[in-house]
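A.B. asks: A predicted structure for the sequence below; I have some questions about it.
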Amino acid sequence: MPRYDYECDTCGKRFEAKHGFDDPPPPCPDGHPTVHRLITSTPRVLKGMAAAVSKNADQAELRAKWAEETPKLRKKMVDKLGEDTVSKMGGTLNHKYDE
C-alpha cells in the first residue's frame with residue numbers, strides 16, 4: 001500500500017498514513033477530523049541520454065548510450081529539417097558514429 005503525508009487543518013501536525021488510493025484520508029493522530037494530503041516529492045522521469053545511465057556512469061556506459069541515442073536523434077532531425085541540412089550542420093550526428 002502506498003504511503004501518504006498529511007497535515008492536520010486544526011493543529012498543523014504532519015503525519016504519514018498507509019492506505020489505498022481511493023480510501024478516505026485518516027483523522028489526525030490527535031483526534032481532529034480534517035486533514036489534507038501533502039505532496040512532498042515527485043518522481044523523476046528521465047528520457048533520452050539520462051534514462052538508462054546513472055549519474056555515476058563511467059565513460060564506456062556514456063559512449064554506449066550516446067551510440068544508441070545518436071541515430072534516433074539524427075532521424076528526428078532529418079524528418080524535420082531534411083537530409084541536406086543535417087549533413088551540413090549535424091556535427092557528430094553524421095551517418096557513421098565514430099567512437
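C.D. replies: Okay, I see it.
A.B. asks: Quick check on R3: phi, psi?
C.D. replies: The phi/psi pair for R3 (degrees, to the nearest 10) reads phi -110, psi 140.
A.B. asks: wouldn't it be in contact with F21 here?
C.D. replies: No: assessed by CB atoms under 8 Å, R3 is found out of contact with F21, at 11.7 Å. All C-beta spots, glycine's among them, are computed from the backbone N, C-alpha and C.
A.B. asks: What's the local residue count around D58?
C.D. replies: 10 (other CB atoms under 10 Å).
A.B. asks: Check the one 10 residues further on too.
C.D. replies: The number of residues packed around E68, counting by other CB under 10 Å, is 14.
A.B. asks: how about low-confidence regions in this protein?
C.D. replies: 42-57, 90-99 (pLDDT under 70).
A.B. asks: And the longest helix along it, what's buried?
C.D. replies: The longest helix of the chain (DSSP state H) is helix 59-81. By 16 or more other CB atoms under 10 Å, the buried positions in helix 59-81 come out as 65, 69-70, 73-74, 77-78.
A.B. asks: Contact partners for the residue with the largest distance to the centre of the chain?
C.D. replies: Relative to the centre of the chain, the most outlying C-alpha is that of G31, 37.3 Å out, by CA atoms, centre = their mean. Counting by CB atoms under 8 Å, 6 or more residues apart in numbering, G31 makes contact with nothing.
A.B. asks: SS state for it?
C.D. replies: Classification of G31 by DSSP: H, G, I helix; E, B strand; the rest coil places it in coil.
A.B. asks: Ok, H36 next?
C.D. replies: Relying on three-state DSSP, one would call H36 strand.
A.B. asks: so what's it up against?
C.D. replies: 6-7, 9, 25.
A.B. asks: Ok, I39 next?
C.D. replies: Per CB under 8 Å, 6+ apart, neighbours of I39: D5.
A.B. asks: repeat that for 7 Å
C.D. replies: Applying CB atoms under 7 Å, 6 or more residues apart in numbering, we find I39 in contact with no residue.
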